[in-house]
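no sequence on hand, only this structure:
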Ligand SMILES: *Cc1c(COP(=O)(O)O)cnc(C)c1O
């Protein structure tokens, strides 16, 4: 029976008194789309339930980790077994070795990995290691790419090329971001100009190869090729932030997708998170041995963590990796994700709504725009009000997509063709109602 009061609203009001904005990560607050965030009470397979008992088909999947859907029996069993053996020891375990070995087998660009607890921590540590290994300070990042909330990465472009970036958050001193060069994604000319003027000072270039933090924008093949060439030429390290794409777009991550188009392609360093923890706090970064040898206790770059390589998290990650390594897993996941995007495109077209979308493996994005954007500026041309109407229309119909137009979406193994057909039918109803389409 549905409660007579809105339990989500009651919880949100209670939360707002004790947690800033009522949430522990800003996008959850629904600020961009308005309305009351759903407080989730449980999840199973492709579905989540809110505090009112309302069920939703989940296309967020905890922002990427839940590639098997919620509560996969094999993962659940592995976690339950691990919990009985203890929560945390602060000492090495065999499962950490197993997980490192499993990751390195799937991503041969690395010889060694270090396990940490969040993508933010992994990206922050990667930058320190890149600086320590090269003896240089500068780093390149691209507008619209997100690499967690470390100080040096919360930057937007300055007024002109090759000027210093500006902090995007209060509390970040300008001195801390003075070494961060912010460029436009997919802009080869800007990239070449940046290397021509300061290439020998650049420690690393960090990029999301398929950017899921401005919805879904692929780095073009010529762009990735040029990033690789320039990094090699100038002795900078090419970092693929695969926290989202790793084990999500393909078993070998986005780097395996680009290696198909660019023979022999490899990044120098890789940042991982999300899927490798299967929903538990676990992330990692890795590189060739020559780079990783700089990390403490072998080298002089310090990095540490009380809960790093946590035995319950590694059990969850290992069980997840075992499931996604089964033959045909990504063929099936990719087929379903494409079916969803194709279905949404057809529904929008039938209702005369400007719409486009793209996907790779179990990661997807769509826009209320006629053509796929190539950079952050183009993504932001979407009309916010129209997106909000789509978001709430879908939410009211039990379809849970990201509450912001600059976020990617995710399909899991647990989503059925029937789930996808139902989502497409719901979207068609909402498209019909969209104002000034
Ligand atoms: C989510 C994400 C991060 C940050 O990971 P957290 O675990 O949220 O700290 C970093 N980089 C990318 C590409 C991400 O998608």
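All right, it came through fine. These figures come from a predicted structure and were not determined experimentally.

report pLDDT for residue 436.
The confidence metric pLDDT takes the value 63 at residue 436.

test for you: state the pLDDT assigned to the residue of the stretch 301-437 of the chain found nearest the ligand.
Nearest residue of the stretch 301-437 of the chain to the ligand (CB to the nearest ligand atom) works out as residue 408 at 8.2 Å. Where you see a C-beta, it was placed from the backbone N, CA and C, and this is true even at glycine. pLDDT for residue 408: 96.

grab the nearest non-local neighbour of it.
residue 212 (3.5 Å; CB to CB, 6 or more residues apart in numbering).

so the residue of the stretch 301-437 of the chain closest to the ligand touches residue 218, yeah?
No - between residue 408 and residue 218 there is no contact under CB atoms under 8 Å: 11.4 Å.

higher neighbour count, the two?
residue 408 (27 against 22; other CB atoms under 10 Å).

helix, strand, or coil at the residue nearest the centre of the chain?
By CA atoms, centre = their mean, the mean C-alpha position of the chain lies nearest to residue 244, the distance being 2.9 Å. Put simply, residue 244 is coil when judged by DSSP: H, G, I helix; E, B strand; the rest coil.

so it sits against residue 214, correct?
No - in this structure, residue 244 is not within contact of residue 214 by CB under 8 Å, at 11.5 Å.

now do the shared contacts for these two.
The contact sets of residue 244 and residue 214 do not overlap (CB atoms under 8 Å, 6 or more residues apart in numbering).

do you know how far residue 218 is from residue 373?
With distances taken as CB to CB, to the nearest Å, residue 218 is found 10 Å from residue 373.

how about the residues of the stretch 1-150 of the chain by the ligand?
Contact residues (CB under 6 Å from any ligand atom) of the stretch 1-150 of the chain with the ligand: 118, 119, 120, 123, 146, 147, 148.

the third one belongs to a strand?
No - Residue 120: not assigned to a strand; according to three-state DSSP it is helix.

so who does it touch?
By CB under 8 Å, 6+ apart, the residues touching residue 120 are 147, 148, 149, 150.

which ones are touching the last one?
In other words, residue 150. 120, 123, 124, 127.

list the buried residues for stretch 305-321?
In terms of neighbour count (16 or more other CB atoms under 10 Å), stretch 305-321 has its buried residues at 307-321.

please apply the same query to stretch 231-247.
For stretch 231-247, by 16+ other CB under 10 Å, it's 231, 234, 236-247.

just those residues that are near the ligand?
241, 243, 244.

any chance of those residues in TSV, plus pLDDT?
Listed next are those as TSV, based on pLDDT from 0 to 100:
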residue	pLDDT
241	98
243	98
244	98
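
ok, which stretches of the stretch 151-300 of the chain are strands?
Ranges of strands in the stretch 151-300 of the chain, per DSSP state E, counting those that start in this stretch, are 155-156, 166-167, 180-183, 202-207, 210-211, 217-218, 237-242, 269-272, 283-287.

now distance to residue 109 too, for those strands, in TSV please.
Putting those into TSV (distance: least, CB to CB, whole Å) gives the following:
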stretch	distance to residue 109
strand 155-156	26
strand 166-167	32
strand 180-183	23
strand 202-207	14
strand 210-211	16
strand 217-218	19
strand 237-242	8
strand 269-272	6
strand 283-287	8
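
which of these sits closest to residue 431?
Residue 431 lies closest, by CB to CB, to one member of those: strand 217-218, at 22.8 Å.

who does that closest one touch, helix- and strand-wise?
The contact analysis (3 or more CB pairs under 8 Å, 6 or more residues apart in numbering; DSSP states H and E) places strand 217-218 against strand 210-211.

just how off-centre is the strand it packs on within its chain?
Distance of strand 210-211 from the chain centroid (CA atoms, centre = their mean, to the nearest Å) equals 8 Å.

could you do stretch 399-419 as well?
In this view, stretch 399-419 has its centroid 14 Å away from the chain centroid, taken as CA atoms, centre = their mean.

now stretch 294-307
When distances are taken as CA atoms, centre = their mean, stretch 294-307 is centred 25 Å away from the chain's centroid.

how about the helix or strand that contains residue 426: buried residues?
Element membership for residue 426 (DSSP states H and E) is helix 417-433. Residues 419, 420, 423, 424, 426, 427, 428, 430, 431 are the ones in helix 417-433 that count as buried (16+ other CB under 10 Å).

can you check stretch 248-268 too?
Buried residues in stretch 248-268 (16+ other CB under 10 Å): 248-259, 265-268.

then stretch 108-119?
Those would be 109, 110, 112, 113, 114, 115, 116, 117, 118, 119, for stretch 108-119 by 16+ other CB under 10 Å.

likewise stretch 407-418?
407, 408, 409, 410, 411, 412, 413, 414, 415.

wait, the last one sits on residue 336?
Yes - counting by CB under 8 Å, residue 415 does reach residue 336; the two are 5.9 Å apart.

where does the residue in the chain positioned nearest to the ligand land on pLDDT?
Using CB to the nearest ligand atom, the single residue of the chain nearest to the ligand is residue 119, 2.1 Å away. The score at residue 119 is 98. That number is its pLDDT.

you'd agree it is up against residue 243?
Yes - judged on CB under 8 Å, residue 119 makes contact with residue 243 at a distance of 3.8 Å.

who touches both of those two?
Common neighbours of residue 119 and residue 243, using CB under 8 Å, 6+ apart, are 147, 148, 271, 272, 273, 274, 283.

which residues does the closest residue to residue 228 other than its chain neighbours contact?
Take residue 228 and drop its neighbours on the chain: the residue closest to it by CB to CB, 6+ apart is residue 238, 5.9 Å away. Going by CB under 8 Å, 6+ apart, residue 238 touches 204, 205, 207, 227, 228, 231, 232, 267, 268, 269.

same question for residue 13.
Residue 13 makes contact with residue 22, according to CB under 8 Å, 6+ apart.

now it: which helix or strand?
Assigned by DSSP H and E, residue 13 falls within helix 7-18.

swap in residue 365?
Using DSSP H and E, residue 365 falls in strand 363-367.

and that strand with helix 417-433, angle?
Strand 363-367 runs at 10 degrees relative to helix 417-433, counting by axes from the mean of the first three to the mean of the last three CA atoms, to 10 degrees.

since we're on the residue nearest to residue 408, how many residues are nearby?
Residue 212: 31 neighbours (other CB under 10 Å).

right, and it touches residue 365 too?
Yes - assessed by CB under 8 Å, residue 212 is found in contact with residue 365 at 7.3 Å.
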